[in-house]
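1. Got a predicted structure plus its sequence, pasted below:
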Amino acid sequence: MNRDAEYTEVLRGRLTEKRFVHSLNVADSAKELALIYGCDPEKAYTVGLIHDCCKDEPAGLQLSYMIENCVELSEWEINVPKLYHAMCGKVYALKEFGVTDEDMLNAVRYHTTGRKNMSLLEKVIFIADFISAERDYDGVEVMREKAKRSLDEAIVEGLSFTIKDLINSEKIVHPDTLDAYNDAVFNIQKLKAGESK
């Protein structure tokens with residue numbers, strides 16, 4: 001049974017107006033990408049909707065919630081509160097929303113860092129978050145074009161920007177993010193090598 005209407009009402013009360021609009025837009029973008037790439041559009045919409053369900057909670061509360069629910073955090077994760085919401089969101093989606101589909105939960109969990117060997121759904125959510133309708137950063141149109149052509153190309157584009165920004169700000173780059181970048185580059189190279197044979 002689809003519970004998107006129920007989730008929407010919960011999120012309306014949990015999120016700021018800006019974040020709520022973003023969540024609706026990510027859900028729409030995720031569904032569009034899912035239809036292009038042969039992913040389940042209903043699952044993609046749901047994950048897009050709930051992906052930021054914990055983003056507006058104070059970092060301390062997010063950390064407490066994860067500790068209460070026995071989430072293991074690496075030293076990178078403990079020291080980067082900006083990453084909490086994705087890990088916390090996975091637990092919240094399971095405990096409060098009753099989402100038990102592991103692929104959907106992982107798509108929430110890795111929508112910020114990415115990781116090596118992302119599933120199709122994980123890639124769809126990761127990119128939908130970059131290209132949702134309200135996004136207006138420099139280069140968003142390039143991201144939108146690449147997203148329609150190749151998820152891996154869009155991942156490389158998005159993570160190139162993210163990694164450079166983190167390095168320039170002397171901030172931690174999560175190992176999963178580097179793995180996601182390398183994995184996407186490797187996938188593109190494999191594809192090109194196959195096409196040139």
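-> Looks like it came in fine.

2. For this protein, give me the ranges with low pLDDT.
-> Scanning the chain for pLDDT under 70 picks out 1, 196-197.

3. so how far is Met104 from the residue nearest the centre of it?
-> The centroid of the chain falls nearest to His111 when counting by CA atoms, centre = their mean (1.8 Å). Distance, His111 to Met104, using CB to CB, to the nearest Å: 11 Å. From N, CA and C alone the C-beta is placed, and that goes for glycine too.

4. could you pull out the helices for this protein?
-> 4-14, 17-37, 41-50, 59-68, 75-78, 84-95, 102-109, 120-131, 140-149, 151-168, 175-195 (DSSP state H).

5. Please list the residues outside the first one that contact it.
-> Right, helix 4-14. By CB atoms under 8 Å, 6 or more residues apart in numbering, the list of residues contacting helix 4-14 from outside reads 20, 23-24, 27, 45-46, 49-50, 53, 56-57, 96-97.

6. neighbours of the residue lying closest to Lys43 once chain neighbours are set aside, just the number please.
-> In space, Lys43 comes closest to Met104 once its chain neighbours are excluded; the distance is 5.7 Å by CB to CB, 6 or more residues apart in numbering. Other residues near Met104 come to 25 when the count uses other CB atoms under 10 Å.

7. Show me which residues of stretch 64-72 are buried.
-> Applying a neighbour-count criterion of 16 or more other CB atoms under 10 Å, one finds 65-66, 71 buried in stretch 64-72.

8. ok, now stretch 159-177?
-> Across stretch 159-177, burial judged by 16+ other CB under 10 Å covers 159, 161-163, 173-174, 176-177.

9. I'd assumed Gly89 was in contact with the residue nearest to Lys43.
-> No. Met104 is not in contact with Gly89 according to CB atoms under 8 Å; the separation is 11.1 Å.

10. The nearest residue to Ile155 once chain neighbours are set aside: neighbouring residues, count only.
-> What sits nearest to Ile155 in space, not counting adjacent residues and going by CB to CB, 6+ apart, is Ala184, at 4.0 Å. A count of nearby residues for Ala184, using other CB under 10 Å, gives 26.

11. surely Ala184 meets Leu159?
-> Yes. Assessed by CB under 8 Å, Ala184 is found in contact with Leu159 at 7.2 Å.

12. still on that earlier bit, so who does the residue nearest to the centre of the chain touch?
-> Neighbours of His111 in contact, by CB under 8 Å, 6+ apart: 51, 86, 122, 125-126, 129.

13. quick revisit: can you list the buried residues of stretch 64-72 in TSV and add distance to Glu32?
-> Compiled in TSV, the buried residues of stretch 64-72 are given as follows (distance: CB to CB, whole Å):
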residue	distance to Glu32
Tyr65	32
Met66	32
Val71	31
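
14. Closest one of those to Ile36?
-> Of all the buried residues of stretch 64-72, Val71 has the smallest distance to Ile36: 33.0 Å, by CB to CB.

15. tell me the phi and psi of the closest one?
-> phi -80, psi 130 (degrees, to the nearest 10).

16. wouldn't it be in contact with Met87 here?
-> Yes. Applying CB under 8 Å, one finds Val71 in contact with Met87, separated by 5.9 Å.
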